[in-house]
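> this is the structure alone, sequence omitted:
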C-alpha cells in the first residue's frame, strides 16, 4: 500500500504520520529524513544531493524522486509506504506519477488533512518553549498550568521566530500557492480523501484508519 499525506502547516501531518506508520506497519518516507540518511551513508544519490545542499541549492525533484523510489525498493517486502512532505507541488506530483507508472506502483490513497486557516494560525502561533529547560507547549494539546509560564522553571515562555503570526501567515500563503493545487490534481484522479483535521488527533486517526481500511478490503 502506498499513501500520501497532504495538509497545510499546523494540520497535524507530523502527528498523524507517526501514528499511521505504527498502526498500519508502513514505512515512513519523509524527504528530509531520506536526504539526511543518504548523505550520511555516502550513497551515490546522497553524494549528489550533498553537492547541491553544500552549495545552498535546492535538491532537484528528479533526485528526490530517485531517492524515494530507491527507498521503496529497499523496503519492498514491507506492508507499504507513507509519503510525507512529498510531492510539494504539481510538477513533483506529475513526475512522481510518471515514475510510479513505469515501476507499476499505484498510489492507493491521498489523505488530505483539512482545517480552517484560522485554526491553523492559532495552532502554529500557539507553540511556545521554555528558554531554560526547552520544554515545549502548544495549543490545544499541551498548555502550561499558568498561562505564559513554564511548569518546570517558572520562566516566561517564548515563541520561535517561525511561529510568529506574520510568519505563519506567510507559510500558509506559500502552501496555498504551491501545494493546494495538489488537492485538485489527486481529487481528479479519484484517490483523494478529505479528513476533517479540526477535531481531536485521536478522531483524525480513527477516520484515516477507517478510510484506509476500505481501500485494503476493496
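The structure has been received and is ready for your questions. Being a predicted model, the structure only gives us computed values, none of them experimental.

> buried sites along the helix or strand harbouring residue 65?
Using DSSP states H and E, residue 65 falls within helix 61-74. For helix 61-74, burial by neighbour count (16 or more other CB atoms under 10 Å) applies to 61, 63, 64, 65, 66, 67, 68, 69, 71, 72. Bear in mind the C-beta positions are built from the backbone N, C-alpha and C, glycine included.

> now the last one: how far from residue 174?
What it means is residue 72. Separation of residue 72 from residue 174 (CB to CB, to the nearest Å) stands at 28 Å.

> neighbours around residue 42, how many?
Neighbour count for residue 42, taken as other CB atoms under 10 Å: 9.

> if you could redo that for residue 23, that was the one I meant.
When counting by other CB under 10 Å, one arrives at 12 neighbours for residue 23.

> one step back: other SSEs contacting the helix holding residue 65?
Counting contacts by 3 or more CB pairs under 8 Å, 6 or more residues apart in numbering; DSSP states H and E, helix 61-74 packs against strand 27-30, helix 31-41, helix 44-54, strand 81-84, helix 90-102.

> show me how far it is from its chain's centre.
Taking the mean of its C-alpha atoms, helix 61-74 sits 17 Å from the chain's own mean (CA atoms, centre = their mean, to the nearest Å).

> just the mean pLDDT for that helix, thanks.
Averaged across helix 61-74, pLDDT comes to 84.

> now do the end-to-end distance for stretch 136-152.
11 Å (CA to CA, to the nearest Å).

> ok, now stretch 127-145?
15 Å.

> quick one: contacts of the helix ranked longest in the chain?
For the chain, the helix with the greatest residue count under DSSP state H is helix 201-217. Under the criterion CB atoms under 8 Å, 6 or more residues apart in numbering, residues 1, 3, 12, 15-16, 19-20, 23-24, 108-109, 111, 113, 141, 193, 195-197 lie in contact with helix 201-217.

> in it, what counts as buried?
Those buried within helix 201-217 under the rule 16+ other CB under 10 Å are 204, 205, 207, 208, 212.

> kindly report the same for stretch 81-95.
Quick answer for stretch 81-95 (16+ other CB under 10 Å): 81, 82, 83, 84, 85, 86, 87, 88, 89, 92, 93, 95.

> so the residue of the chain positioned farthest from its centre: helix, strand or coil?
Relative to the centre of the chain, and counting by CA atoms, centre = their mean, the farthest-placed residue is residue 154 at 33.1 Å. At residue 154 the chain is in coil, as set by DSSP: H, G, I helix; E, B strand; the rest coil.

> endpoints of stretch 26-44, how far apart?
End-to-end span of stretch 26-44 (CA to CA): 26 Å.

> next one: that stretch to chain centre, how far?
A distance of 15 Å separates the C-alpha centroid of stretch 26-44 from that of its chain, computed with CA atoms, centre = their mean.

> okay, now residue 17: neighbour count?
Counted with other CB under 10 Å, residue 17 comes out at 22.

> list the contacts for the residue nearest to it when sequence neighbours are not counted?
Closest residue to residue 17 apart from its sequence neighbours, by CB to CB, 6 or more residues apart in numbering: residue 84 at 4.5 Å. Neighbouring residues of residue 84 by CB under 8 Å, 6+ apart: 5, 13, 14, 17, 28, 29, 30, 31.
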